Every structure is written in C-alpha cells, then in structure tokens.
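Peer 1: take this sequence and fold it.
(one chain, ligands or ions: 2)
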Amino acid sequence: MLPANPAFDLTGRLALVTGSGRGIGHAIARGYALAGARVLLNGRDADRLEAAATALRAELQGAQVRAVPFDVTDAVAVEEACEAIVADHGCPDILVNNAGIQIRGPLTELPIDDWRQVVDTNLTSGFVVGRTFARHMLRRGSGKIVNVCSVMNHLVRASVAPYAAAKSGLGGLTRVMCAEWAPHGIQVNGLAPGYIETDLNAALVADPDFTRWITGRTPAGRWGRVEDLVGPAVWLASSAADFVNGQVIYVDGGMTAVI
Ligand code: GCO
Ligand code: CA
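Peer 2: Ligands and ions are numbered 1, 2, ... in the order given. From the prediction side, this is the model:
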C-alpha cells in the first residue's frame, strides 16, 4: 500500500478561513482539519461561530479548531484580530478569503449601500485581510492564500451586478497578490465555485425552473455540493501546489467549459 502523498498533508499547518461558520467556508475549514491542519473559524457572530467550532471538535475527535470572530469589513477589527491570532496561534500558513454575501437586484434600482455592502464583504475584505496577514507571511517567507471567487468571474446573469463585479475584482486582486508576493515564497490562487447548494443560493435551489436551467447549463448535470470544493482547496493550500500561482481554478462541474 503506497503511503498517502505527503504533499497533500496539512499536518501542523495553521489555517484561517474567513466566513467559515457555515457553507463553503465551513466545508473548507473541515477539510483542512481532516488534512491535519489547526483551523481557525471566522465569522461575525461569535455565538454561532463558537457553536460551529464546538461541533467540529466533537465530530473530528482531536481536531484543533478555534473560533476567531471578527468583522472582515472592519479594517481596525482585522488588524486587532491579526495581532491576537499571531500572538495566540502564530502566523497562519494558510488564509482563505471566503467571506461573501449576495444581494440581488436590477442595476437601475439597486440601493448604493447594498452595492457597497457586497463589494466591501466580497472584495475589499480580501484586500484588507489578505494584506494584513501577508505582512507576517512575507516576513516568514512562506504562505498560501486562497481567494474564493466564483463562476461569475467568467459568466454572469442579470441581477447580480455587485456580486459579479466583486468576484471578478477578487480574480484581479489574486493576480496582483501573486505579482507582489510570489517572489517572497507566497502562493495566491482563486477558487471559483460554480452553482453550489448553500444558504446563499437557497431560493435558487428551491426554484424548479432555475434548477432545471442551471443543471442543464452544467455538464455534470447537478448543483455543486460544498464537499466538491474541499479537495481543490486542500490542494491549493498544500505543498502539492507550490508552483501554482495567480490562477483561478474553476470548480463548476464543467459550466465554464461549454456554451
Ligand atoms: C446567483 C448566484 C451566484 C452564485 C453562484 C455562482 O444569484 O446567480 O447567487 O451569484 O454566486 O453560486 O458562484
Ligand atoms: Ca443593505
């Protein structure tokens, strides 16, 4: 029996995943714990986050999972959280910028505060959290950053302007992070989910017409599951991807490959 490829092993690595109380972020954090990492869950709601951390520790006996609540849209809170995390746990080896919200509406009617809320949470947070923790990774000379993008970096539909603009911006930010930080031992990539069954998409999943359309547009013929994102996220966070940098990896059942 050949041993598991050690390159995919995250044993001893410290991973911070923003927006990981539930959904895609939580699945990625759980996958990192299963791959041996010490995991820091993040979200705004401290009680819900603590409950998620407790449940994950109970499910994965012995897993090192801690809740680090902070608001990724509040630059001061991010700086303070970073100092506390580095003091208490060390500098994360892995940072996943996953936090994101969705507010839909026609361009001509969308309240500007809704636009700002989506762009702040889905894009600006990646810049603020990314550069705050990267300062420590740069001093160490190593680090993995995974920015959770979307098929909407590539394909869009009406009614999701702030989300599509923010996620597309995150792809560009990923490439600039690569340009500035790759020379210093940091790998930065985007992970772009297709249409995944999550709370953010609950109304769409419940809509039979939308589901028929989406599964028809997806060669795999189904909605994605949060578990589908875990393997690619572990790979991007592992030594197996040390020469992968500045890329956006689409995990979408083939949607972006076809018309
Ligand atoms: C929508 C969806 C998309 C999701 C999809 C792609 O309203 O079309 O919310 O914007 O982000 O899961 O990532
Ligand atoms: Ca609002």
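
Peer 1: which secondary structure element is home to Ser168?
Peer 2: helix 161-181 (DSSP states H and E).

Peer 1: sheet-wise, list the partners of the very next helix or strand once past that helix with their directions.
Peer 2: Next helix or strand after helix 161-181 toward the C-terminus (DSSP H and E): strand 186-193. Taking DSSP bridges as the criterion, strand 186-193 pairs within the sheet with strand 143-148 (parallel), strand 248-251 (parallel).

Peer 1: mean confidence (pLDDT) on strand 186-193, please.
Peer 2: Strand 186-193 shows a mean pLDDT of 98 in the predicted model.

Peer 1: helix or strand next in line after it, which one?
Peer 2: helix 202-205.

Peer 1: got the buried residues for the next helix or strand after that following helix?
Peer 2: Beyond helix 202-205 in the direction of the C-terminus, DSSP H and E gives the next helix or strand as helix 208-217. Along helix 208-217, these residues count as buried under the neighbour rule (16 or more other Cβ atoms under 10 Å): Thr211, Ile214, Arg217. Glycine gets a C-beta too; all of them are placed from N, C-alpha and C.

Peer 1: again, but for stretch 115-128
Peer 2: Counting neighbours by 16+ other Cβ under 10 Å, one finds that the buried residues in stretch 115-128 are Trp115, Val118, Val119, Asp120, Thr121, Asn122, Leu123, Thr124, Ser125, Gly126, Phe127, Val128.

Peer 1: just stretch 220-240 next, same as before
Peer 2: For stretch 220-240, the buried set under the neighbour-count rule, 16+ other Cβ under 10 Å, comprises 223-224, 226, 228-230, 232-238.

Peer 1: then stretch 182-195?
Peer 2: Buried residues in stretch 182-195, counting neighbours by 16+ other Cβ under 10 Å, are found at Ile186, Gln187, Val188, Asn189, Gly190, Leu191, Ala192, Pro193, Gly194, Tyr195.

Peer 1: equivalent analysis for stretch 156-176, please.
Peer 2: If you call a residue buried by 16+ other Cβ under 10 Å, then stretch 156-176 has these buried ones: 156, 160-171, 173-175.

Peer 1: before we move on, back to that, point out the ones among the buried residues of stretch 220-240 that are inside helices.
Peer 2: Secondary-structure check on these using DSSP state H: residues within helices are Val230, Pro232, Ala233, Val234, Trp235, Leu236, Ala237.

Peer 1: now do the contacts for the closest residue to ligand 1 within the stretch 101-250 of the chain.
Peer 2: As assessed by Cβ to the nearest ligand atom, ligand 1 sits closest to Ser150 within the stretch 101-250 of the chain, at 3.5 Å. Under the criterion of Cβ atoms under 8 Å, 6 or more residues apart in numbering, the contact partners of Ser150 comprise Tyr163, Ala164, Lys167, Ala192, Pro193.

Peer 1: what do you get for Gly194?
Peer 2: Val151, Thr218, Gly224, Tyr250, Val251, Asp252, Gly253, Met255, Thr256.

Peer 1: which bits of the protein sit near ligand 1?
Peer 2: The chain has residues 102, 104, 150-152, 157, 160, 163, 193, 195-196, 200-201 near ligand 1, with proximity defined as Cβ under 6 Å from any ligand atom.
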